[in-house]
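Participant: I would like the atomic coordinates for the input below:
(one chain, ligands or ions: 1)
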Amino acid sequence: MTFPLRGAPLLRDPRFNKGTAFTEEERESLGLLGLLPDGVDTLETQVRRAFTQLAEKNSNLGKYIYLSSLQDTNETLFYRVLRQAPAELLPLVYTPTVGEACERYGLIMRRTKGLYVGINHKGRVKEILRNWPVSDVRFIVVTNGNRILGLGDLGANGMAIPIGKLALYTACGGVPPEFTLPVLIDLGTDNSKLLNDPLYLGLRRPRPSAAELDEFVEEFVEAVQEVFPRCCIQFEDWAGVDAMRLLEKYRDRVCCFNDDIQGTAAVALAGLMGATRITGKPLSQQRVLFLGAGSAGLGIAGLLTQAMVLEGLSLKDAQSQIALFDIHGLIESTRTDLHEFQKPYAHELPSIKDFADAIEMFKPTAIVGVSTVARAFDRRVIEAMARVNERPIIFPYSNPTSRSECTAEEAYQWSQGRAVFASGSPFPPVRYGDKTFVPGQGNNVYIFPAIGMAVYATQATRVTDEMFIAAARGVAEQVMQSDLDVGLIYPPQSELLRTELLAATRVAEVIYARGLTRMPRPDDLEALIRAHAYIPEYHSLG
Ligand code: NAD
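Facilitator: Now for the predicted structure:
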């Protein structure tokens, strides 16, 4: 059978284009003679050229634009480049650079990617989905641009987020790119700067009420079920209250998850599991005190209690080992200002307004910072943790770096090098005494591509919290002794694909054990996952 695309249209198709790597035979048979210079590249030479061109861009946004154009012209080369240096390139394709890209999206936009589903087209969502050229979509990452990273309402400019996230599904989890679809649900924006920007490309209307939002999302979810029946929906960067409400509404009804809530919880859990390998105390013996009782803190606390229950504790005992401290002080039973979801952690404890005092009283083995308050883990806090623990676990998870509750250097210095440390934002290695510590980064990228791969390979019909616990365990068990020796409790980012394929195997075990797929269980789940993983290489098209 002859290949259906020929000539210039083939060179413009990112999925099949090989650019200068088309062989002489392919150039003859596919009508490419004269459309390319005489030299025939290998993929390796093209990778070398791409890295040279990338190095010539002198800003991170410039590098983002370059990589985005590469994705538009030659997908194979784009993913080959990402796979070659994930630790170096992920911060360019995703956070932190994607934040800058969203802020300037109207300006840097070259070629559109993904689908814009606007509330002005209410009643026509199915028609919009059918305009997508691929009929078997397996993953949609969808945002409404209302809470982009820590940057707030960026309206339709938020499209860079689903695009970036899905690139990581492929680069780090091995999900083939043709099955992925980035979606921006355009509900307008309340950002007056954007509304007054002539280059803004989204709907120019105020955001709707929660009821209107829910009604439109319902139309979207139902349309996805009909048009792409095997599709998993990942909600991303919705405002906290909308995110929680939509997850509760859909998690048992369709195949979906929310990475901000569940992925964050799982990556923190993976960190705690990694830390237990240094401290020697199992999860069921950990006592965790959170600074911050918002969506991140409660999400982590919820998944952590479930993981403790799987280790044999009763739910009540697990909850009693977790305490939260918010802007008004320690969450305890006499507080009258608590949300329903905070109440399971409101124990009979004294009313304490100082975090270091709360440490002396609760004697946590770990503190997790999800407060957005920079420097909140001050010297007194770290010293209190070092007094009550031989190896205090200290996780300042607030992002970006400027919001981190402490730096890696502070945690190691003030604990005399005894801290088991990981953070939300990356920190460079720290020298203390004659030792160099390598701080780990609790980045959700360890988790969601593994979940995606497992769902894709098994055709799972639901995404459950137990699957996230399995992903966390899968990540934690791949931390090597040599990593632990330098204090690193997450696997190195240079090994992301390997890490995630193995974590995906753990997730697939849960999918089959719980009957979350109609597919028959193969004997070798690791082989199943590997067989589904996308490899960026050229295939003969002649
Ligand atoms: P949120 O606004 O829902 O919650 C913030 C919480 O911090 C609230 O409970 C608030 O009462 C508390 N707080 C504020 N000021 C305080 C103070 N001075 N003392 C004590 N408590 C205080 O925010 P969120 O969505 O839960 O996110 C919190 C942080 O977690 C953010 O910085 C975010 O970047 C980070 N986060 C990190 C990751 C990751 O690293 N993987 C993932 C998600 C969120």
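
Participant: and the contacts of the lowest-mean-pLDDT helix or strand in the chain?
Facilitator: Lowest mean confidence among the helices and strands of the chain (mean pLDDT, DSSP states H and E): helix 105-108, at a mean of 87. Counting contacts by CB atoms under 8 Å, 6 or more residues apart in numbering, the residues outside helix 105-108 that touch it are 61, 64-65, 101, 154, 156-157, 159-160, 194, 197, 199-201. All C-beta spots, glycine's among them, are computed from the backbone N, C-alpha and C.

Participant: and the stretch 51-200 of the chain, which of its residues are near the ligand?
Facilitator: residue 150 (CB under 6 Å from any ligand atom).

Participant: output the residue of the stretch 51-200 of the chain whose distance to the ligand is smallest.
Facilitator: residue 150 (5.8 Å; CB to the nearest ligand atom).

Participant: residue contacts, that residue?
Facilitator: Residues near residue 150 by CB under 8 Å, 6+ apart: 99, 372, 399, 400, 403.

Participant: now the residues you listed as TSV including neighbour count?
Facilitator: Shown next, in TSV, are those (neighbours: other CB atoms under 10 Å):
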residue	neighbour count
99	20
372	19
399	21
400	16
403	19
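
Participant: where does confidence bottom out across those?
Facilitator: Comparing pLDDT over the contacts of residue 150, residue 400 scores lowest. The value there is 78.

Participant: go ahead and confirm that residue touches residue 91.
Facilitator: No - under the criterion of CB atoms under 8 Å, residue 400 makes no contact with residue 91, lying 11.4 Å away.

Participant: near the ligand, which residues of this protein show up?
Facilitator: 150, 240, 264, 267, 291-297, 325-327, 370-373, 397-399, 403, 424, 442, 444.

Participant: ok, 5 Å please
Facilitator: Proximity of the chain to the ligand, by CB under 5 Å from any ligand atom, involves residues 264, 292-296, 326-327, 370-373, 397-399, 403, 424, 442.

Participant: mind checking which of the residues you listed land in helices?
Facilitator: Among the residues of the chain next to the ligand, the ones falling in helices (DSSP state H) are 264, 295, 296.

Participant: of these, closest to residue 340?
Facilitator: residue 295 (13.7 Å; CB to CB).

Participant: for that closest one, grab the count of nearby residues.
Facilitator: Taking other CB atoms under 10 Å as the neighbour definition, residue 295 ends up with a count of 20.

Participant: show me where the stretch 351-500 of the chain has strands.
Facilitator: 366-369, 393-396, 420-423, 430-432, 435-437, 440-441 (DSSP state E, counting those that start in this stretch).

Participant: with mean neighbour count and mean pLDDT as new columns, can these be given to me in a markdown table?
Facilitator: Listed next are the strands of the stretch 351-500 of the chain as a markdown table, based on neighbours: other CB atoms under 10 Å; pLDDT from 0 to 100:
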| stretch | mean neighbour count | mean pLDDT |
| --- | --- | --- |
| strand 366-369 | 28 | 98 |
| strand 393-396 | 29 | 98 |
| strand 420-423 | 28 | 97 |
| strand 430-432 | 17 | 97 |
| strand 435-437 | 15 | 96 |
| strand 440-441 | 24 | 94 |
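
Participant: tell me which residue of the stretch 351-500 of the chain lies closest to the ligand.
Facilitator: For the stretch 351-500 of the chain, CB to the nearest ligand atom, closest residue to the ligand: residue 424, 2.9 Å.

Participant: now that residue: closest residue in space, sequence neighbours ignored.
Facilitator: Nearest non-adjacent residue to residue 424, counting by CB to CB, 6 or more residues apart in numbering: residue 397, 4.0 Å away.

Participant: circling back: surely the residue of the stretch 351-500 of the chain closest to the ligand is in contact with residue 405?
Facilitator: No - counting by CB under 8 Å, residue 424 does not reach residue 405; the two are 9.2 Å apart.

Participant: so the residue lying closest to residue 494 once chain neighbours are set aside, which state does it fall into?
Facilitator: Excluding the flanking residues, the one nearest residue 494 by CB to CB, 6+ apart is residue 87, at 4.9 Å. Secondary structure, DSSP: H, G, I helix; E, B strand; the rest coil: residue 87 is helix.

Participant: dump the residue contacts of residue 87.
Facilitator: 492, 493, 494, 496.

Participant: ok, now which ones touch the last one?
Facilitator: When contacts are counted by CB under 8 Å, 6+ apart, residue 496 touches 86, 87, 90, 171, 172, 445, 446, 449.

Participant: hang on, the third one in a helix?
Facilitator: Yes - read with three-state DSSP, residue 90 is one of the residues of a helix.

Participant: max-length strand in this protein?
Facilitator: Using DSSP state E, we find that the single longest strand of the chain is strand 180-186.

Participant: quick one: strands adjacent to that strand?
Facilitator: Using DSSP bridges, strand 180-186 pairs in its sheet with strand 115-118 (parallel), strand 139-143 (parallel).

Participant: comparing the ones you listed, which comes out most buried?
Facilitator: Mean neighbour count (mean count of other CB atoms under 10 Å) peaks for strand 139-143 among those, with a mean of 26.

Participant: what's the next secondary structure element after that strand?
Facilitator: Moving toward the C-terminus from strand 139-143, the next helix or strand (DSSP states H and E) is helix 160-173.
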